[in-house]
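Student: Predicted structure and sequence below. I'll ask about it afterward.
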Amino acid sequence: MPKTRLLLWLLPCFAACSGNEIVGLHLRLQPDGSADLTARALVASPTPSPAEVTGKGVAWGLRGALVHTQGTVAKLADLRFGDDALQFVPRMDANKLTVRIQRSAAAGWVAALTPDKRTREQLAVVVDTSRKTTEVGDVLRLEIELPAAAVGSSVLPSARGVEAGRDGRRAWLSIPVATAREPGEALTWDVTWN
């Protein structure tokens, strides 16, 4: 139960500290093109928490969870999330990674990380009891920890709210869920390192 309380206490901090970028993918890229992957997904959880199971005298309502899952990717070019809306094209010999991102209402990678807008609005009440947050999990963050210092992180074409950046060995791309789900030209994110 202490872990559940800690998660519920920290969840608003994650939202406040990272511009609501609590959902996304973090890849630790290896020189051979493999990667360690952490997925952070916001879900309307069907499973009762220990607090719900042991709590007495309360009628529980909404339930949400931020689920962190880790795994290993043998070959980054083979990574998929339900469809081909998110494609990784590594060029390890050139110290370059291109990520192609299709924008569509049915993009599998978006659905794998965050629920629909109505559910995100409902979960905001669970995450932020002050009710200052109107929607949670509305920005997706792709982050790559590179084998060496990043020298470039750029995205084309420009799109509403999309931002690429880099710092040290990390490169990231932030994409509002609304932008990822609207029809539009595919995004190409290029990352280079020393």
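Tutor: All right, it came through fine.

Student: all contacts plus neighbour counts: C-alpha atoms, from now on.
Tutor: Will do.

Student: in this structure, which spans are strands?
Tutor: Counting by DSSP state E, the chain has these strands, from start to end: 23-29, 35-43, 65-73, 86-91, 96-103, 139-145, 150-156, 163-167, 170-176, 184-193.

Student: I'd like those laid out as TSV, including distance to residue 57 and mean pLDDT.
Tutor: Putting the strands of the chain into TSV (distance: least, C-alpha to C-alpha, whole Å; pLDDT from 0 to 100) gives the following:
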stretch	distance to residue 57	mean pLDDT
strand 23-29	33	96
strand 35-43	26	95
strand 65-73	22	93
strand 86-91	46	96
strand 96-103	46	96
strand 139-145	36	97
strand 150-156	52	98
strand 163-167	46	98
strand 170-176	39	97
strand 184-193	50	96
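
Student: Nearest residue to the middle of the protein?
Tutor: By C-alpha atoms, centre = their mean, the mean C-alpha position of the chain lies nearest to residue 24, the distance being 0.8 Å.

Student: hang on, the earlier thing: CSV please, covering the strands of the chain and showing distance to residue 121.
Tutor: As requested, the strands of the chain are exported to CSV (distance: least, C-alpha to C-alpha, whole Å):
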stretch, distance to residue 121
strand 23-29, 15
strand 35-43, 12
strand 65-73, 14
strand 86-91, 25
strand 96-103, 22
strand 139-145, 13
strand 150-156, 28
strand 163-167, 23
strand 170-176, 14
strand 184-193, 24
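
Student: Quickly note the distance from the residue nearest to the centre of the chain to residue 173.
Tutor: Residue 24 sits 10 Å away from residue 173, going by C-alpha to C-alpha, to the nearest Å.

Student: okay, and the common contacts of these two?
Tutor: Counting by C-alpha atoms under 8 Å, 6 or more residues apart in numbering, the residues touching both residue 24 and residue 173 are 141, 142, 143.
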